[in-house]
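A.B. asks: here is my input; please provide its structure:
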Amino acid sequence: MKDFGVGIRKIGFLVLSILAGLFLWQMFTTFSQIPSFIFPKPIEVWDRLIIVLQDGSLMKHALITLQEVLFGLMLGLSAAIITGYFLAKSRIVERVLSPYIVASQSIPIVAIAPLLVIWLGPGIFSKILTSALIVFFPVLVNTVVGLKSVPRELYDLMRSLQANTWQRIIKLEIPAAMPVFLGGLRIGATLSVIGAVVGEFVGADKGLGFLVNVGRGLYDTALVFVAVFTIVLLSLGLYGSVIFIENRLLSWQKRNGD
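C.D. replies: Sure, this is the predicted structure:
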């Protein structure tokens, strides 16, 4: 009952903060006399939302972006986990690859995205790869940190129990590195949306990034707001999904803490 009450209070604060934000937004647009094509009123954004929901265009573009994000997240996670494991286990691999990995992060994703569109075309794969690239580094770093944080004494214990390589990975390294890894996944899940949308900005004929470009070109600022809010909701949904997975996988930590 205590947890239920805390949850209700959190939802109440969230609703109040949203209502307060809408009120301030309405007051600002009313008294500033800013034209709606520059900064629309909340009701204008709401009306535009109803239109794109009824004609199905918002759902169509949102599903395209979600598809790019999920495939990009899976690709980025897979590459980061595999690379991170070898970096954590081999100093030679770390010395060889680390300079290239760090240097790659100095290049903004907005500079890479046009090249990917040129090389791979404006199709969905260039957006998936853009999303995967932006996910890769934070997950990689947390994977390496998580694996290197496993106490040496636990490795000695596994050797004394004559555990093989797979048993060591499954029974020791994955559970021990999981909290740090999930922290990187939180960041990666949010960034994956940014990567996909940036790819759509550069070259696409569908997706939420494309919808933003359409609204911008037509001075339909309300449509831009609708697309941006949808992108935010998509990011929050992925972040919340990671939190849910984290609570399920790390429930043993809470029990031990109690």
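A.B. asks: what about stretch 245-256, average pLDDT?
C.D. replies: Here stretch 245-256 scores 71 as its mean pLDDT.
A.B. asks: residue 67: neighbour count?
C.D. replies: For residue 67, the neighbour count with other CB atoms under 10 Å is 15. (Each C-beta comes from the backbone N, C-alpha and C, glycine too.)
A.B. asks: now do the one 3 residues further on
C.D. replies: Neighbour count of residue 70, defined by other CB under 10 Å: 16.
A.B. asks: quick check: pLDDT value at it.
C.D. replies: 95.
A.B. asks: now residue 73
C.D. replies: 94.
A.B. asks: now do the one 5 residues further on
C.D. replies: Per-residue pLDDT puts residue 78 at 93.
A.B. asks: how far away is it from residue 12?
C.D. replies: 40 Å (CB to CB, to the nearest Å).
A.B. asks: these two: which has the busier surroundings?
C.D. replies: residue 78 (13 against 10).
A.B. asks: okay, and that one sits in which element?
C.D. replies: Using DSSP states H and E, the element containing residue 78 is helix 57-89.
A.B. asks: flag every buried residue along that helix.
C.D. replies: Going by neighbour count (16 or more other CB atoms under 10 Å), the buried part of helix 57-89 is 57-58, 61-62, 64-66, 68-73, 75-77, 79-81, 83-85, 87-88.
A.B. asks: from the chain's centroid, how far away is it?
C.D. replies: Here helix 57-89 is found 9 Å from its chain centre; the criterion is CA atoms, centre = their mean, to the nearest Å.
A.B. asks: repeat that for stretch 93-105.
C.D. replies: Distance of stretch 93-105 from its chain centroid, counting by CA atoms, centre = their mean, is 23 Å.
A.B. asks: going forward, begin numbering at 53 instead of 1
C.D. replies: All right, first residue 53 from here; so that's stretch 145-157.
A.B. asks: buried residues in that stretch?
C.D. replies: In stretch 145-157, counting by 16+ other CB under 10 Å, buried: residue 153.
A.B. asks: contacts for that stretch, please.
C.D. replies: Contacts to stretch 145-157, defined as CB atoms under 8 Å, 6 or more residues apart in numbering, come from residues 135, 138-140, 189, 192.
A.B. asks: format those as a markdown table; extra columns: pLDDT.
C.D. replies: Output for these, formatted as a markdown table (pLDDT from 0 to 100):
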| residue | pLDDT |
| --- | --- |
| 135 | 91 |
| 138 | 90 |
| 139 | 90 |
| 140 | 88 |
| 189 | 90 |
| 192 | 92 |
